[in-house]
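> Have a look at this prediction, sequence included:
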Amino acid sequence: MSFSQIGVVGLGIMGAGIVEVFARAGYQVVGVAESAPAVEAGKSNLSKSLSRAVAKGKLSQAESDEITARVSFGEPFELLANCDLVIEAAPEILPLKIEIFSKLDAAVKSSGILATNTSSLSVTDIANATSRPAQVIGMHFFNPAPVQKFVEVISTAHSDQQVVAQIVELGNSLGKHLAQISDQPGFIVNKLLLRYLNHAVQVLDAGQASKEQMDAAMRELSGYPMGPCELLDLIGIDTCVEILKTIHADTKLEIDEPAAGMVKLVAAGHKGRKSGAGFYDYSEKLDAPTDSNENVKSQVHNDLLIAYLGDCIAMEATGYASKADIDSGMKLGCGLPKGPFEVIESMGIENVRVAQAELAQRTGISAYQPLPL
Ligand code: 3HC
(Lines give C-alpha, C1' and ligand atoms only; values in the text may rest on other atoms or scores of the structure.)
Protein backbone atom coordinates (compact mmCIF):
# COMPACT_ATOMS: atom_id res chain seq x y z
CA MET A 1 0.00 0.00 0.00
CA SER A 2 1.27 3.46 -0.76
CA PHE A 3 0.33 6.32 1.49
CA SER A 4 -0.43 9.44 -0.49
CA GLN A 5 -2.86 11.29 1.76
CA ILE A 6 -2.62 11.38 5.54
CA GLY A 7 -5.30 12.73 7.86
CA VAL A 8 -4.82 14.08 11.37
CA VAL A 9 -7.73 14.61 13.78
CA GLY A 10 -7.08 17.03 16.63
CA LEU A 11 -4.77 20.00 16.05
CA GLY A 12 -3.34 20.75 19.47
CA ILE A 13 0.42 20.72 20.02
CA MET A 14 0.73 17.00 19.21
CA GLY A 15 -1.72 16.97 16.28
CA ALA A 16 -0.15 20.03 14.65
CA GLY A 17 3.30 18.52 15.24
CA ILE A 18 2.24 15.29 13.51
CA VAL A 19 0.83 17.30 10.59
CA GLU A 20 4.23 18.98 10.28
CA VAL A 21 6.14 15.68 10.42
CA PHE A 22 4.16 14.21 7.50
CA ALA A 23 4.11 17.42 5.43
CA ARG A 24 7.86 17.83 5.86
CA ALA A 25 8.32 14.23 4.62
CA GLY A 26 6.43 15.11 1.42
CA TYR A 27 2.96 13.69 2.19
CA GLN A 28 -0.32 15.48 1.44
CA VAL A 29 -1.98 16.10 4.81
CA VAL A 30 -5.53 16.95 5.88
CA GLY A 31 -5.84 18.37 9.40
CA VAL A 32 -9.26 18.26 11.03
CA ALA A 33 -10.41 19.67 14.37
CA GLU A 34 -13.78 19.93 16.12
CA SER A 35 -14.31 23.70 15.79
CA ALA A 36 -13.22 26.68 13.73
CA PRO A 37 -11.06 28.10 16.60
CA ALA A 38 -9.37 24.70 17.02
CA VAL A 39 -8.60 24.62 13.29
CA GLU A 40 -7.16 28.15 13.51
CA ALA A 41 -5.04 27.13 16.51
CA GLY A 42 -3.71 24.17 14.51
CA LYS A 43 -2.80 26.41 11.56
CA SER A 44 -1.08 28.81 13.91
CA ASN A 45 0.88 26.00 15.66
CA LEU A 46 2.13 24.79 12.27
CA SER A 47 3.06 28.23 11.01
CA LYS A 48 4.86 29.15 14.28
CA SER A 49 6.91 25.97 14.15
CA LEU A 50 7.85 26.51 10.48
CA SER A 51 8.66 30.19 11.06
CA ARG A 52 10.96 29.21 13.91
CA ALA A 53 12.80 26.79 11.59
CA VAL A 54 13.07 29.51 8.90
CA ALA A 55 14.32 32.09 11.44
CA LYS A 56 16.99 29.60 12.58
CA GLY A 57 18.06 29.01 8.98
CA LYS A 58 17.03 25.33 9.18
CA LEU A 59 14.47 25.73 6.40
CA SER A 60 14.24 28.17 3.50
CA GLN A 61 11.10 30.27 3.06
CA ALA A 62 10.40 28.40 -0.21
CA GLU A 63 10.61 25.03 1.59
CA SER A 64 8.35 26.29 4.34
CA ASP A 65 5.82 27.45 1.71
CA GLU A 66 5.94 24.04 0.01
CA ILE A 67 5.29 22.29 3.32
CA THR A 68 2.37 24.61 4.07
CA ALA A 69 0.93 24.02 0.59
CA ARG A 70 0.79 20.26 1.25
CA VAL A 71 -1.60 20.78 4.18
CA SER A 72 -5.29 21.55 4.08
CA PHE A 73 -7.38 22.20 7.18
CA GLY A 74 -11.06 22.02 8.05
CA GLU A 75 -13.73 20.78 10.43
CA PRO A 76 -15.83 18.08 8.70
CA PHE A 77 -14.67 14.47 8.96
CA GLU A 78 -15.77 14.03 5.31
CA LEU A 79 -12.51 15.82 4.35
CA LEU A 80 -10.75 12.63 5.48
CA ALA A 81 -12.70 10.32 3.13
CA ASN A 82 -9.78 9.56 0.79
CA CYS A 83 -7.02 9.33 3.37
CA ASP A 84 -4.92 6.17 3.38
CA LEU A 85 -4.14 6.73 7.06
CA VAL A 86 -5.80 8.94 9.67
CA ILE A 87 -4.05 9.62 12.98
CA GLU A 88 -6.17 10.76 15.90
CA ALA A 89 -4.51 13.16 18.36
CA ALA A 90 -7.42 14.19 20.59
CA PRO A 91 -7.30 14.60 24.42
CA GLU A 92 -6.75 11.49 26.55
CA ILE A 93 -10.43 10.74 27.18
CA LEU A 94 -11.50 7.24 26.16
CA PRO A 95 -15.20 8.00 25.41
CA LEU A 96 -14.08 10.93 23.23
CA LYS A 97 -11.64 8.76 21.30
CA ILE A 98 -14.26 6.04 20.88
CA GLU A 99 -16.69 8.60 19.47
CA ILE A 100 -14.05 9.93 17.07
CA PHE A 101 -13.16 6.43 15.86
CA SER A 102 -16.75 5.51 15.17
CA LYS A 103 -17.08 8.74 13.13
CA LEU A 104 -13.79 8.00 11.33
CA ASP A 105 -15.01 4.50 10.56
CA ALA A 106 -18.03 5.99 8.80
CA ALA A 107 -16.13 8.77 7.01
CA VAL A 108 -12.86 7.20 5.83
CA LYS A 109 -12.68 4.80 2.84
CA SER A 110 -12.77 1.14 3.84
CA SER A 111 -9.11 0.49 2.94
CA GLY A 112 -7.95 3.36 5.18
CA ILE A 113 -5.88 2.61 8.29
CA LEU A 114 -6.93 4.38 11.49
CA ALA A 115 -4.25 5.17 14.09
CA THR A 116 -4.43 6.65 17.54
CA ASN A 117 -1.69 8.76 19.07
CA THR A 118 -3.01 7.87 22.53
CA SER A 119 -0.47 8.25 25.33
CA SER A 120 -1.71 5.29 27.37
CA LEU A 121 -5.30 4.29 26.63
CA SER A 122 -6.22 0.86 25.34
CA VAL A 123 -5.79 0.71 21.57
CA THR A 124 -7.92 -2.46 21.69
CA ASP A 125 -10.87 -0.56 23.23
CA ILE A 126 -10.50 2.10 20.54
CA ALA A 127 -10.29 -0.53 17.74
CA ASN A 128 -13.45 -2.18 19.09
CA ALA A 129 -15.37 1.03 18.28
CA THR A 130 -14.90 0.42 14.54
CA SER A 131 -15.97 -2.14 11.96
CA ARG A 132 -12.29 -2.52 10.93
CA PRO A 133 -10.39 -3.37 14.13
CA ALA A 134 -7.66 -5.18 12.15
CA GLN A 135 -6.82 -1.81 10.55
CA VAL A 136 -6.63 0.14 13.81
CA ILE A 137 -3.23 0.68 15.36
CA GLY A 138 -1.38 2.87 17.85
CA MET A 139 1.16 5.32 16.47
CA HIS A 140 2.56 7.21 19.43
CA PHE A 141 4.68 10.30 18.76
CA PHE A 142 6.61 12.38 21.31
CA ASN A 143 6.47 16.08 22.00
CA PRO A 144 7.65 18.09 20.08
CA ALA A 145 6.78 15.61 17.30
CA PRO A 146 9.01 17.28 14.68
CA VAL A 147 12.00 17.02 17.05
CA GLN A 148 11.71 13.67 18.86
CA LYS A 149 12.74 10.80 16.62
CA PHE A 150 10.95 7.93 18.37
CA VAL A 151 7.54 6.45 17.52
CA GLU A 152 5.88 3.52 19.29
CA VAL A 153 3.81 1.31 16.99
CA ILE A 154 1.21 -0.50 19.08
CA SER A 155 -0.59 -3.54 17.77
CA THR A 156 -3.53 -5.35 19.35
CA ALA A 157 -4.86 -8.91 19.20
CA HIS A 158 -7.00 -7.71 16.25
CA SER A 159 -4.11 -6.27 14.22
CA ASP A 160 -3.46 -7.35 10.65
CA GLN A 161 0.32 -7.91 10.54
CA GLN A 162 0.45 -6.49 7.02
CA VAL A 163 -0.99 -3.25 8.36
CA VAL A 164 1.63 -3.21 11.12
CA ALA A 165 4.40 -3.73 8.55
CA GLN A 166 3.02 -0.91 6.36
CA ILE A 167 2.94 1.48 9.31
CA VAL A 168 6.50 0.56 10.24
CA GLU A 169 7.63 1.24 6.67
CA LEU A 170 5.75 4.55 6.69
CA GLY A 171 7.30 5.51 10.05
CA ASN A 172 10.76 4.77 8.66
CA SER A 173 10.02 7.04 5.70
CA LEU A 174 9.52 9.88 8.21
CA GLY A 175 13.05 9.37 9.51
CA LYS A 176 11.71 8.08 12.84
CA HIS A 177 13.09 5.22 14.93
CA LEU A 178 10.26 2.77 15.67
CA ALA A 179 9.59 0.21 18.38
CA GLN A 180 6.86 -2.38 17.88
CA ILE A 181 5.00 -3.30 21.03
CA SER A 182 1.74 -4.77 22.26
CA ASP A 183 -1.12 -2.87 23.86
CA GLN A 184 -0.31 -2.10 27.51
CA PRO A 185 -1.09 1.05 29.56
CA GLY A 186 1.63 3.67 28.96
CA PHE A 187 3.47 1.49 26.41
CA ILE A 188 7.26 1.76 26.89
CA VAL A 189 8.14 5.39 27.36
CA ASN A 190 5.14 6.85 29.17
CA LYS A 191 5.02 3.96 31.64
CA LEU A 192 8.58 4.82 32.69
CA LEU A 193 8.46 8.57 32.19
CA LEU A 194 5.17 9.21 33.99
CA ARG A 195 6.18 7.24 37.04
CA TYR A 196 9.37 9.31 37.21
CA LEU A 197 7.45 12.58 36.78
CA ASN A 198 4.90 11.53 39.40
CA HIS A 199 7.73 10.60 41.77
CA ALA A 200 9.15 14.10 41.36
CA VAL A 201 5.83 15.72 42.31
CA GLN A 202 5.48 13.35 45.27
CA VAL A 203 8.91 14.58 46.44
CA LEU A 204 7.77 18.16 45.90
CA ASP A 205 4.49 17.55 47.75
CA ALA A 206 6.44 16.07 50.68
CA GLY A 207 8.53 19.25 50.86
CA GLN A 208 11.78 17.33 50.31
CA ALA A 209 12.94 19.53 47.42
CA SER A 210 11.73 22.53 45.46
CA LYS A 211 10.81 22.36 41.78
CA GLU A 212 13.93 24.40 40.93
CA GLN A 213 16.13 21.99 42.91
CA MET A 214 14.65 18.98 41.14
CA ASP A 215 14.79 20.50 37.68
CA ALA A 216 18.34 21.77 38.16
CA ALA A 217 19.39 18.38 39.60
CA MET A 218 18.20 16.37 36.59
CA ARG A 219 19.60 18.86 34.09
CA GLU A 220 22.99 19.26 35.79
CA LEU A 221 23.65 15.78 37.20
CA SER A 222 22.15 13.62 34.42
CA GLY A 223 22.23 16.07 31.50
CA TYR A 224 18.47 15.82 30.87
CA PRO A 225 17.19 18.51 28.48
CA MET A 226 14.51 19.44 31.02
CA GLY A 227 13.79 18.75 34.66
CA PRO A 228 10.59 16.92 35.66
CA CYS A 229 8.48 20.00 36.47
CA GLU A 230 9.51 21.70 33.24
CA LEU A 231 8.64 18.54 31.34
CA LEU A 232 5.26 18.20 33.04
CA ASP A 233 4.53 21.74 31.90
CA LEU A 234 5.60 20.90 28.34
CA ILE A 235 3.50 17.73 28.06
CA GLY A 236 0.48 19.24 29.86
CA ILE A 237 -0.22 18.42 33.50
CA ASP A 238 -3.83 17.44 32.68
CA THR A 239 -2.56 14.93 30.12
CA CYS A 240 -0.09 13.55 32.66
CA VAL A 241 -2.85 13.11 35.25
CA GLU A 242 -4.94 11.20 32.70
CA ILE A 243 -2.02 8.95 31.73
CA LEU A 244 -1.29 8.23 35.40
CA LYS A 245 -4.93 7.34 36.05
CA THR A 246 -4.75 4.75 33.26
CA ILE A 247 -1.46 3.34 34.55
CA HIS A 248 -2.73 3.33 38.14
CA ALA A 249 -5.92 1.49 37.13
CA ASP A 250 -3.63 -1.24 35.80
CA THR A 251 -0.92 -1.44 38.48
CA LYS A 252 -3.01 -0.38 41.51
CA LEU A 253 0.28 0.86 43.03
CA GLU A 254 0.18 3.92 45.27
CA ILE A 255 3.24 5.35 43.49
CA ASP A 256 1.19 5.57 40.28
CA GLU A 257 -1.67 7.56 41.82
CA PRO A 258 -1.48 11.09 40.35
CA ALA A 259 0.35 13.23 42.93
CA ALA A 260 -1.81 15.81 44.73
CA GLY A 261 0.38 18.68 43.50
CA MET A 262 -0.53 17.89 39.90
CA VAL A 263 -4.22 17.36 40.54
CA LYS A 264 -4.46 20.72 42.33
CA LEU A 265 -2.77 22.60 39.50
CA VAL A 266 -5.12 21.07 36.94
CA ALA A 267 -8.14 21.95 39.08
CA ALA A 268 -6.92 25.57 39.09
CA GLY A 269 -6.62 25.54 35.28
CA HIS A 270 -2.81 25.57 35.43
CA LYS A 271 -2.18 22.87 32.88
CA GLY A 272 1.34 23.87 31.86
CA ARG A 273 2.69 25.83 28.91
CA LYS A 274 -0.48 25.49 26.86
CA SER A 275 -2.51 27.40 29.50
CA GLY A 276 0.25 29.92 30.24
CA ALA A 277 1.14 28.49 33.66
CA GLY A 278 1.74 25.19 35.39
CA PHE A 279 4.57 24.57 37.82
CA TYR A 280 6.09 27.68 36.22
CA ASP A 281 4.56 30.87 34.88
CA TYR A 282 5.07 31.31 31.12
CA SER A 283 3.92 34.91 30.85
CA GLU A 284 7.55 35.79 30.20
CA LYS A 285 10.51 33.83 28.84
CA LEU A 286 12.09 31.67 31.52
CA ASP A 287 15.72 30.76 32.10
CA ALA A 288 16.62 27.19 33.01
CA PRO A 289 15.97 26.64 36.75
CA THR A 290 19.04 26.82 38.99
CA ASP A 291 19.75 26.12 42.66
CA SER A 292 22.92 26.06 44.69
CA ASN A 293 21.94 23.51 47.35
CA GLU A 294 24.17 20.68 46.12
CA ASN A 295 23.16 18.27 48.91
CA VAL A 296 19.45 18.44 48.16
CA LYS A 297 20.10 18.24 44.43
CA SER A 298 22.32 15.20 44.85
CA GLN A 299 19.78 13.39 47.07
CA VAL A 300 16.79 14.08 44.85
CA HIS A 301 18.77 13.17 41.74
CA ASN A 302 19.77 9.86 43.32
CA ASP A 303 16.21 9.02 44.36
CA LEU A 304 14.55 9.90 41.05
CA LEU A 305 17.25 8.16 39.03
CA ILE A 306 17.39 4.96 41.08
CA ALA A 307 13.61 4.48 41.13
CA TYR A 308 13.49 5.03 37.34
CA LEU A 309 16.37 2.62 36.65
CA GLY A 310 14.59 0.02 38.79
CA ASP A 311 11.45 0.45 36.67
CA CYS A 312 13.47 -0.01 33.48
CA ILE A 313 15.02 -3.22 34.82
CA ALA A 314 11.56 -4.49 35.79
CA MET A 315 10.07 -3.64 32.38
CA GLU A 316 12.82 -5.51 30.56
CA ALA A 317 12.49 -8.46 32.93
CA THR A 318 8.79 -8.87 32.08
CA GLY A 319 9.76 -9.28 28.42
CA TYR A 320 7.54 -6.35 27.36
CA ALA A 321 10.39 -4.42 25.73
CA SER A 322 14.05 -5.02 24.97
CA LYS A 323 16.91 -3.06 26.51
CA ALA A 324 17.59 -1.60 23.05
CA ASP A 325 13.99 -0.37 22.63
CA ILE A 326 13.89 1.06 26.17
CA ASP A 327 17.19 2.87 25.65
CA SER A 328 16.10 4.19 22.23
CA GLY A 329 12.73 5.27 23.58
CA MET A 330 14.17 7.33 26.41
CA LYS A 331 16.90 8.87 24.26
CA LEU A 332 14.99 9.48 21.04
CA GLY A 333 11.55 10.07 22.59
CA CYS A 334 12.61 12.30 25.49
CA GLY A 335 16.01 13.61 24.41
CA LEU A 336 17.88 11.97 27.31
CA PRO A 337 21.63 11.85 26.72
CA LYS A 338 21.89 8.18 27.74
CA GLY A 339 19.50 5.26 27.78
CA PRO A 340 18.77 3.73 31.22
CA PHE A 341 20.66 0.52 30.44
CA GLU A 342 23.69 2.56 29.37
CA VAL A 343 23.48 4.33 32.75
CA ILE A 344 23.13 0.99 34.59
CA GLU A 345 26.13 -0.33 32.67
CA SER A 346 28.26 2.63 33.73
CA MET A 347 27.09 2.50 37.38
CA GLY A 348 27.35 -1.28 37.68
CA ILE A 349 24.20 -3.34 38.23
CA GLU A 350 25.24 -4.33 41.77
CA ASN A 351 25.55 -0.65 42.77
CA VAL A 352 22.11 0.04 41.30
CA ARG A 353 20.63 -2.86 43.30
CA VAL A 354 22.22 -1.64 46.53
CA ALA A 355 20.87 1.87 45.88
CA GLN A 356 17.39 0.44 45.13
CA ALA A 357 17.37 -1.47 48.42
CA GLU A 358 18.52 1.65 50.30
CA LEU A 359 15.78 3.77 48.68
CA ALA A 360 13.12 1.17 49.48
CA GLN A 361 14.27 0.96 53.09
CA ARG A 362 14.53 4.73 53.63
CA THR A 363 11.15 5.53 52.05
CA GLY A 364 9.30 2.39 53.18
CA ILE A 365 8.07 1.91 49.59
CA SER A 366 8.43 -1.75 48.66
CA ALA A 367 7.92 -1.02 44.92
CA TYR A 368 11.47 0.41 44.92
CA GLN A 369 12.99 -2.93 46.01
CA PRO A 370 15.32 -4.59 43.49
CA LEU A 371 13.90 -7.63 41.70
CA PRO A 372 14.95 -10.99 43.13
CA LEU A 373 18.01 -12.18 41.22
N1 3HC B 1 8.17 22.31 17.40
C2 3HC B 1 9.14 22.13 16.50
N3 3HC B 1 10.46 22.23 16.77
C4 3HC B 1 10.79 22.56 18.04
C5 3HC B 1 9.84 22.78 19.04
C6 3HC B 1 8.48 22.64 18.67
N7 3HC B 1 7.51 22.80 19.56
N8 3HC B 1 10.50 23.07 20.19
C9 3HC B 1 11.81 23.04 19.91
N10 3HC B 1 11.98 22.73 18.63
C11 3HC B 1 13.26 22.54 17.94
C12 3HC B 1 14.00 23.83 17.77
O13 3HC B 1 13.63 24.50 16.58
C14 3HC B 1 15.43 23.35 17.72
O15 3HC B 1 15.69 22.83 16.43
P16 3HC B 1 17.16 22.89 15.81
O17 3HC B 1 18.06 22.09 16.71
O18 3HC B 1 17.00 22.29 14.46
O19 3HC B 1 17.52 24.34 15.79
C20 3HC B 1 15.45 22.17 18.69
O21 3HC B 1 14.10 21.73 18.79
C22 3HC B 1 15.94 22.60 20.06
O23 3HC B 1 15.11 23.65 20.47
P24 3HC B 1 15.59 24.89 21.37
O25 3HC B 1 17.04 25.16 21.14
O26 3HC B 1 14.64 26.02 21.19
O27 3HC B 1 15.31 24.39 22.83
P28 3HC B 1 15.97 23.25 23.62
O29 3HC B 1 17.34 22.94 23.17
O30 3HC B 1 15.73 23.67 25.01
O31 3HC B 1 15.08 21.97 23.27
C32 3HC B 1 13.26 20.53 23.54
C33 3HC B 1 13.71 21.98 23.45
C34 3HC B 1 13.45 19.87 22.18
C35 3HC B 1 11.79 20.55 23.88
C36 3HC B 1 14.13 19.80 24.63
O37 3HC B 1 14.11 20.52 25.81
C38 3HC B 1 13.64 18.40 24.91
O39 3HC B 1 13.91 17.45 24.18
N40 3HC B 1 12.92 18.23 26.05
C41 3HC B 1 12.37 16.94 26.46
C42 3HC B 1 11.04 16.74 25.79
C43 3HC B 1 10.45 15.39 26.07
O44 3HC B 1 10.82 14.67 26.97
N45 3HC B 1 9.46 15.01 25.24
C46 3HC B 1 8.72 13.78 25.43
C47 3HC B 1 7.59 13.99 26.37
S48 3HC B 1 6.59 12.54 26.54
C49 3HC B 1 5.52 12.62 25.25
O50 3HC B 1 5.53 13.51 24.46
C51 3HC B 1 4.55 11.51 25.12
C52 3HC B 1 3.17 11.97 25.36
O53 3HC B 1 2.30 10.88 25.15
C54 3HC B 1 2.93 12.48 26.74
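Arrived safely. Computed from a predicted model, the values in this text were never measured in an experiment. Numbering: from 1, shown residues only.

> Contact residues of the protein facing the ligand?
Proximity of the chain to the ligand, by CB under 6 Å from any ligand atom, involves residues 49, 52-53, 56, 58, 119, 142-144, 146-148, 190, 193, 225-226, 231, 234-235, 239, 333-335. All C-beta spots, glycine's among them, are computed from the backbone N, C-alpha and C.

> ChimeraX command for the buried members of those residues?
A single ChimeraX command selects the buried members of the residues of the chain next to the ligand (16 or more other CB atoms under 10 Å):
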select :49,53,119,142,143,144,146,148,190,193,226,231,234,235,239,333,334,335
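
> and the most centrally placed residue in the chain, helix, strand or coil?
The residue lying closest to the centre of the chain (CA atoms, centre = their mean) is residue 142, at 4.3 Å. Following DSSP: H, G, I helix; E, B strand; the rest coil, the label given to residue 142 is coil.

> List the buried residues for stretch 17-32?
17-25, 27-32.

> no wait, stretch 58-68
Applying 16+ other CB under 10 Å to stretch 58-68 flags 59, 64, 67 as buried.

> Pull the distance from it to the chain's centre.
27 Å (CA atoms, centre = their mean, to the nearest Å).

> Residue numbering should commence at 16 henceforth.
In the new count, where the first residue is 16, that last one comes out as stretch 73-83.

> Give me the subset of the buried residues of stretch 32-47 that lies in strands.
43, 44, 45, 46, 47 (DSSP state E).

> The first one pairs with what?
Yep, that's residue 43 we're talking about. Beta-bridge partners recorded for residue 43 (DSSP bridges): residue 20.

> which residues touch it?
19, 20, 21, 85 (CB atoms under 8 Å, 6 or more residues apart in numbering).

> Residue 159 too?
28, 32, 64.

> can you put the contacts of residue 43 in a markdown table and add distance to residue 361 and pLDDT?
Formatted as a markdown table, the contacts of residue 43 follow (distance: CB to CB, whole Å; pLDDT from 0 to 100):
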| residue | distance to residue 361 | pLDDT |
| --- | --- | --- |
| 19 | 46 | 93 |
| 20 | 46 | 97 |
| 21 | 41 | 98 |
| 85 | 44 | 98 |
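
> Most neighbours among these, which one?
residue 21 (27 neighbours; other CB atoms under 10 Å).

> I'd assumed residue 97 was in contact with that residue.
No. Look at residue 21 against residue 97 with CB atoms under 8 Å: they stay out of range, at 10.8 Å.

> next one: phi and psi at whatever residue of the stretch 166-315 of the chain ends up closest to the ligand?
Closest contact between the stretch 166-315 of the chain and the ligand, by CB to the nearest ligand atom, is at residue 240 (3.6 Å). With angles defined as degrees, to the nearest 10, residue 240 shows backbone torsions of phi -70, psi -20.

> residues in contact with it?
234, 349, 350, 351.

> mind running it again at 7 Å?
residue 350 (CB atoms under 7 Å, 6 or more residues apart in numbering).

> What pLDDT is listed against it?
Residue 240 is assigned a predicted lDDT (pLDDT) of 98.

> and what of residue 387?
87.

> Could you do residue 16 as well?
70.

> And for it, the neighbour number?
So residue 16, with other CB under 10 Å, has 15 neighbours.

> hang on, it packs against residue 180?
No. With contact defined as CB atoms under 7 Å, residue 16 and residue 180 do not form a contacting pair (9.8 Å).

> can you give me the strands for the stretch 166-315 of the chain?
Assigned strands in the stretch 166-315 of the chain, in chain order: 192-197 (criterion: DSSP state E, counting those that start in this stretch).
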